[in-house]
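Okay, here's the prediction I keep looking at, along with the sequence it came from:
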Amino acid sequence: MILKKATRALLDAIYPPVCILCGELSQDTHPHCCGLCLRSFEPVGASCCIRCGEPFPVRQEPHLCLSCLVSPVPFRWCRGLYLYRGAVAGALSGLKYGKSLALAGPLAEALERGVDTLEPIPVADVVVPVPASRRVLLSRGFNCAAILAKPLARRLGVALAENVVVKCGSIPQVGLGRSARLENAARSFAAGSGIGKVKGKRVMLFDDVYTSGATAKACARLLVRAGALVSVLTLARRAPENLEHLFVDASVGSQDP
């Protein structure tokens, strides 16, 4: 331990730790994500839909959003911890696309801190991460949702179950519109070899980012069909200034249960 600390101090002296997000020297717990950037993560807050967790464009009392009234979602509860912009977006992009695993630690800390602010949070028996495709796993080497789901399961005191749902589609969601995301996600997931583990269980489905909800809905439907009661938690949620996804597409809405 002493040798490890001495080696770390020597390396920090030769190569001072720099925050990946802002480029400034970092003297905090996480050498590649400074405390200032980590503290700048913006919580979604309580001003959101009571069912799907959609942040409202203006602050108001929690209630059902129009989309949930017209087309009910297949999960009982959904929340995002932080708005997907600023340092949060930078950190997740760095982890997912920059393969900067050094950001996994600070993101896990932010996740645990955010979970502690949620009251009440549904009781869960198991945490299920949204799967990544084989193509992503081969190119990136890891599943971002699975990495962050581990500290979530630890914080909730429940088991982590993988291979419950598998990604079978090859078209990425990035860049697709709302209708295209729903259609693509509906055919991109299938029940995995571990689907039997969730029968009669309260499942917390976890993903890193909630954008249109297409992925969460597709995975939740599979879990519900397997006999699970599903809640959804994501580290980040698309910020409310992106309003195009708030308008109801009747043709898409008719596809929801």
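That came in fine, so what should we check first? Numbering: from 1, shown residues only.

which residues in the chain form strands?
Secondary structure of the chain (DSSP state E): strands located at 77-84, 126-129, 159-160, 165-167, 189-191, 202-210, 229-238.

Show me the one of the ones you listed that comes nearest Lys96.
Ranking those by proximity to Lys96 (Cβ to Cβ) places strand 202-210 first, at 7.2 Å. For every residue, glycine as well, the C-beta is placed using N, CA and C.

Partner strands of that closest one, with direction?
Strand 202-210 sits in its sheet next to strand 126-129 (parallel), strand 229-238 (parallel), going by DSSP bridges.

is it possible to export those to a markdown table including distance to Lys150, mean neighbour count and mean pLDDT?
What follows is these, written out as a markdown table (distance: least, Cβ to Cβ, whole Å; neighbours: other Cβ atoms under 10 Å; pLDDT from 0 to 100):
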| stretch | distance to Lys150 | mean neighbour count | mean pLDDT |
| --- | --- | --- | --- |
| strand 126-129 | 8 | 26 | 98 |
| strand 229-238 | 13 | 25 | 97 |
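
Need those strands in a markdown table (columns: distance to Ala104).
Output for those, formatted as a markdown table (distance: least, Cβ to Cβ, whole Å):
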| stretch | distance to Ala104 |
| --- | --- |
| strand 126-129 | 13 |
| strand 229-238 | 11 |
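
Just tell me which of the ones you listed ends up closest to Ile147.
Taking Cβ to Cβ, strand 126-129 is the member of those nearest to Ile147, at 8.4 Å.

Look at Leu11 and report its pLDDT.
We have a pLDDT of 49 for Leu11.

Just the residues contacting stretch 121-131, thanks.
Stretch 121-131 is contacted by residues 76-77, 79, 115, 143, 145-146, 148-149, 152-153, 156, 158-167, 189, 192, 197-198, 201-207, 215-216, 219, 223, 231, 233 when judged by Cβ atoms under 8 Å, 6 or more residues apart in numbering.

Nearest to Ala110, out of the strands paired with strand 202-210?
Across these, Ala110 has its closest neighbour in strand 229-238 (7.2 Å, Cβ to Cβ).

orientation of the closest one relative to strand 77-84 in degrees?
Angle of strand 229-238 versus strand 77-84, following axes from the mean of the first three to the mean of the last three Cα atoms, to 10 degrees, is 20 degrees.

and of the strands paired with strand 202-210, who's closest to Cys68?
strand 229-238 (13.0 Å).

what about dumping the CA coordinates of the closest one to PDB?
Extracted as PDB, the C-alpha positions of strand 229-238 are listed here (Å, rounded to 0.1, in the frame of the first residue of the first chain):
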ATOM      1  CA  LEU A 229     -43.000  -5.400 -12.100                       C
ATOM      2  CA  VAL A 230     -40.700  -2.800 -13.700                       C
ATOM      3  CA  SER A 231     -39.300   0.600 -12.600                       C
ATOM      4  CA  VAL A 232     -36.700   2.500 -14.600                       C
ATOM      5  CA  LEU A 233     -33.800   4.600 -13.500                       C
ATOM      6  CA  THR A 234     -31.300   6.400 -15.600                       C
ATOM      7  CA  LEU A 235     -28.200   8.500 -14.700                       C
ATOM      8  CA  ALA A 236     -29.200  11.200 -17.200                       C
ATOM      9  CA  ARG A 237     -32.300  12.500 -18.800                       C
ATOM     10  CA  ARG A 238     -32.700  14.600 -21.900                       C
END
